[in-house]
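Chemist: okay, predicted coordinates and the sequence, questions at the end:
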Amino acid sequence: MMRKFLAPVLALGLLAVAGCDVFDDDDDNVVLESATIRVLHASPDAPDVNVLIDGDTFVAGAPFKAGTGFSVVRPGNYSVQVDGITPGGTATVISADITLDADTETTVIAVGGVANIAPLLVTNERSAVAGGNFRATVVHAAPNAPAVDVYVTAPGADLSASAPLGSFSFEGSLGPVDVAAGDYQISVTVAGDATAVVFDSGTITIPDGANLLLAAVENTGPGASPISLVVLDGAGASEILDTNTPAALRVIHASPDAPAVDVVVNDGFAAPLIEDLEFPNPAPNAVDYVEVPAADYNVKVTVANDPGVIAIDADLTLDAGVNYSVYAVDFLANIAPLVLVDDPRAIATEARVRIVHASPTAQNVDIYVTAPGTDIATVDPTFPDVPFQAETGYTPLAGGTYTVTVVPAGTTTAAIGPIDITIADGGVYTAIARDPLPGSTDLGLILLDDFND
C-alpha cells in the first residue's frame with residue numbers, strides 16, 4: 001500500500017504514533033525528498049487529544065504540554081485533525097489542511113483556550129546547525145499572557161543594558177537564530193519594560209548542535225509567573241519552569257479522634273505553617289494551598305498550641321510547580337500522613353472528580369457515582385473495592401447532578417449517602433470519605449476545591 005510516513009519518531013511514552021513508509025514494497029531503496037512534522041498540545045484548558053493526519057492516528061491521548069519528536073514525511077498536502085477526548089467520547093476541535101514543503105520542519109501547535117482553539121504552524125527550513133552553535137525558535141503560545149520581550153543572555157546579565165531577542169504577542173514567533181552553545185539565561189519581560197520580569201529560566205546549558213523550539217505556554221500550577229517554557233528538541237519535549245516556581249501544600253485533618261493540630265515545618269514551632277486545624281476541616285480557608293519553596297522538608301503535626309505532643313513527624317520532598325495535599329489519617333493511635341499530588345488544572349469540556357477514602361472505620365468500599373434515582377443494585381460500582389487510604393484519581397464527568405453512594409465492598413447497604421452533588425464543566429472537585437463527626441454515628445464527606453465555591 002502507498003503510504004506517506006517515512007520514519008516517525010516520538011520521545012513521549014504516553015503518545016502513540018501511526019507511522020509508515022511512503023513506498024510500495026518494490027520501491028524500498030528509492031530516496032525521495034522529505035519534510036518533517038511534529039505536534040504540541042498547548043491549549044491550557046483542553047482535555048487530552050488525539051491527533052490524526054490524513055485520517056491515521058499520529059498521536060493518541062496527548063495531555064497539555066505534550067510534544068512529539070519529528071516524523072519524516074513525504075512533501076505534499078495533508079489534513080490535520082485534533083480530537084478532544086471528552087467524557088462522552090471525542091469531539092473534533094481542529095480540522096485543517098496544511099502543505100509540507102521539501103526540506104522544511106513544521107511544528108503544529110494547538111493554541112488558545114477550548115472556545116478559540118486553533119492550529120498554529122511554525123515552519124523553518126531544515127539545515128544543519130553549524131559546529132559550536134545551537135539554534136532556537138521562540139513561540140508565544142500562552143493565550144492569557146501579555147505581549148512580551150524575550151532576552152537570551154549570559155547568566156546574570158543586566159537586562160536594561162541588553163538587547164532583547166525580540167518582542168511578540170500571542171501566536172507570534174521569534175527566530176530561528178543561531179547562537180554559540182553554552183550557558184544562558186532566558187528572561188521574559190512585559191513588552192517595553194526590562195524591569196518587569198515575568199519569567200526567568202535561571203542558568204541553563206544549551207549544547208552544541210541543539211535545534212530547539214521554545215514555546216511559552218500557560219502556567220496552570222503554583223507560582224506568580226504566567227508561563228513556563230516547553231522545549232521541543234526534535235526528539236521530544238521537556239519543560240523549563242520559572243526559577244522561582246514554588247510548590248503548593250495544603251493539609252487536611254481527617255483523623256476522627258485527634259484534637260486540633262498545628263502544622264510545623266523544619267521545626268519552626270514559633271511560627272507554625274498552619275494553626276488550629278480541626279477535624280474535619282469545616283472552614284474552606286482551612287484547606288487553602290500555601291506556597292513554599294521547592295525543597296526537602298520535615299513536617300510535624302502537633303497538638304494545637306502544644307508543640308511537645310507530636311502526632312506526625314515526616315520528611316517530604318516538594319517539587320517546583322506541584323500541588324500537594326497531606327492528609328492526617330487514621331485514628332490518633334496510628335495517625336499517619338497520606339501525601340497526594342493534586343492537579344488543579346481546569347478543563348473546559350469536563351468536570352474532574354476525585355474521591356479519597358480516609359475513613360478508618362469503613363474498611364474497603366465500593367463507590368457509586370450514578371444518575372439521581374439509580375438503584376445501585378442494578379449497576380456495577382464506579383470504583384470497586386477501594387481500600388482505606390486509596391483514591392480514585394481524577395475522573396472526567398460531564399457537568400450535571402450525580403448521586404454518590406459509598407457502601408462496604410460487595411454490599412449495597414449505604415455507609416455514606418446517597419448524597420447528590422452538582423458539578424460543572426471546568427470544575428475540579430475532591431470528596432473525602434470521613435468518619436462520623438463528634439456526637440454522630442454517620443459517616444460523611446469532606447468536600448474540597450470547587451465544591452466550596
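Modeler: It's in.

Chemist: pLDDT weak spots in the chain?
Modeler: For the chain, the stretches flagged by pLDDT under 70 are 1-31, 281-287.

Chemist: I figured residue 430 hits residue 352, correct?
Modeler: No: applying Cβ atoms under 8 Å as the test, residue 430 and residue 352 come out as separate, 9.3 Å apart. Backbone N, C-alpha and C define where each C-beta goes, glycine included.

Chemist: need the contact list for residue 176.
Modeler: Listed by Cβ atoms under 8 Å, 6 or more residues apart in numbering, the contact set of residue 176 reads 124, 135-137.

Chemist: how about a cut-off of 6 Å?
Modeler: 124, 135, 137 (Cβ atoms under 6 Å, 6 or more residues apart in numbering).

Chemist: restricted to buried residues, select those residues in ChimeraX.
Modeler: Command for ChimeraX that selects the buried part of the contacts of residue 176, burial taken from 16 or more other Cβ atoms under 10 Å:
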select :124,135,137
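
Chemist: JSON lines for the contacts of residue 176, including secondary structure?
Modeler: Listed next are the contacts of residue 176 as JSON lines, based on DSSP: H, G, I helix; E, B strand; the rest coil:
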{"residue": "124", "secondary structure": "strand"}
{"residue": "135", "secondary structure": "strand"}
{"residue": "137", "secondary structure": "strand"}
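
Chemist: nearest to residue 377, of the contacts of residue 176?
Modeler: Distance to residue 377 across those (Cβ to Cβ) is lowest for residue 137, with 59.3 Å.

Chemist: how far away is that closest one from residue 233?
Modeler: 12 Å (Cβ to Cβ, to the nearest Å).

Chemist: ditto for residue 98
Modeler: Relative to residue 233, and taking Cβ to Cβ, residue 98 is found at 22 Å.

Chemist: give me the more crowded residue out of these two.
Modeler: For the pair residue 98 and residue 233, the greater number of neighbours falls to residue 233 (19 against 16), based on other Cβ atoms under 10 Å.

Chemist: from residue 204, how far off is the more buried one?
Modeler: Using Cβ to Cβ, we find residue 233 at a distance of 13 Å from residue 204.

Chemist: residues in contact with residue 85?
Modeler: So residue 85 contacts 47-48 (Cβ under 6 Å, 6+ apart).

Chemist: hey, what's it bridged with?
Modeler: residue 90 (DSSP bridges).

Chemist: still on that earlier bit, quick one: which of the contacts of residue 176 is nearest to residue 189?
Modeler: Out of the contacts of residue 176, the member with the shortest distance to residue 189 (by Cβ to Cβ) is residue 137, at 19.2 Å.

Chemist: where do the strands sit along the stretch 351-453 of the chain?
Modeler: Under the criterion DSSP state E, counting those that start in this stretch, strands of the stretch 351-453 of the chain are mapped to 351-357, 365-370, 383-386, 395-397, 400-408, 416-423, 428-434, 444-449.

Chemist: and residue 59, which of those strands is closest to it?
Modeler: Nearest of the strands of the stretch 351-453 of the chain (Cβ to Cβ): strand 395-397, 18.8 Å.

Chemist: what lines up beside the closest one in the sheet?
Modeler: Strand 395-397 is paired, per DSSP bridges, with strand 351-357 (antiparallel).

Chemist: and the angle from the partner strand to strand 416-423?
Modeler: Here strand 351-357 runs at an angle of 160 degrees relative to strand 416-423 (axes from the mean of the first three to the mean of the last three Cα atoms, to 10 degrees).

Chemist: let's see strand 351-357 as CSV, backbone CA atoms only.
Modeler: C-alpha atoms of strand 351-357 as CSV (Å, rounded to 0.1, in the frame of the first residue of the first chain):
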residue,chain,number,x,y,z
ALA,A,351,-15.7,18.2,35.4
ARG,A,352,-12.9,16.3,37.2
VAL,A,353,-13.9,14.5,40.4
ARG,A,354,-11.6,12.7,42.8
ILE,A,355,-12.7,10.7,45.9
VAL,A,356,-10.3,9.8,48.7
HIS,A,357,-11.0,7.0,51.2
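
Chemist: check what contacts that strand and list those residues.
Modeler: Outside strand 351-357, the residues that reach it (Cβ under 6 Å, 6+ apart) are 367, 386, 388, 390-392, 394-397, 399, 423-425, 427-433.

Chemist: likewise for stretch 178-196?
Modeler: By Cβ under 6 Å, 6+ apart, stretch 178-196 touches 133-135, 146-153, 155, 159-160, 167, 197-201, 203, 205-208.

Chemist: next, the buried residues of that stretch.
Modeler: Applying 16+ other Cβ under 10 Å to stretch 178-196 flags 181, 184-189, 194 as buried.

Chemist: stretch 320-337 too?
Modeler: Buried-residue list, stretch 320-337, by 16+ other Cβ under 10 Å: 320-330, 335, 337.

Chemist: stretch 341-358 now?
Modeler: Quick answer for stretch 341-358 (16+ other Cβ under 10 Å): 342, 344-345, 347-358.

Chemist: now do stretch 67-84
Modeler: 67-75, 78, 80-84.

Chemist: among the residues you listed, which two are most distant?
Modeler: It's 75 and 84 that sit farthest apart of the buried residues of stretch 67-84, by Cβ to Cβ, at 29.2 Å.

Chemist: ok so, going back, now render the buried residues of stretch 178-196 as CSV, adding secondary structure.
Modeler: Shown next, in CSV, are those (three-state DSSP):
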residue, secondary structure
181, coil
184, strand
185, strand
186, strand
187, strand
188, strand
189, strand
194, coil
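
Chemist: which among the residues you listed gets closest to residue 109?
Modeler: residue 188 (17.5 Å).
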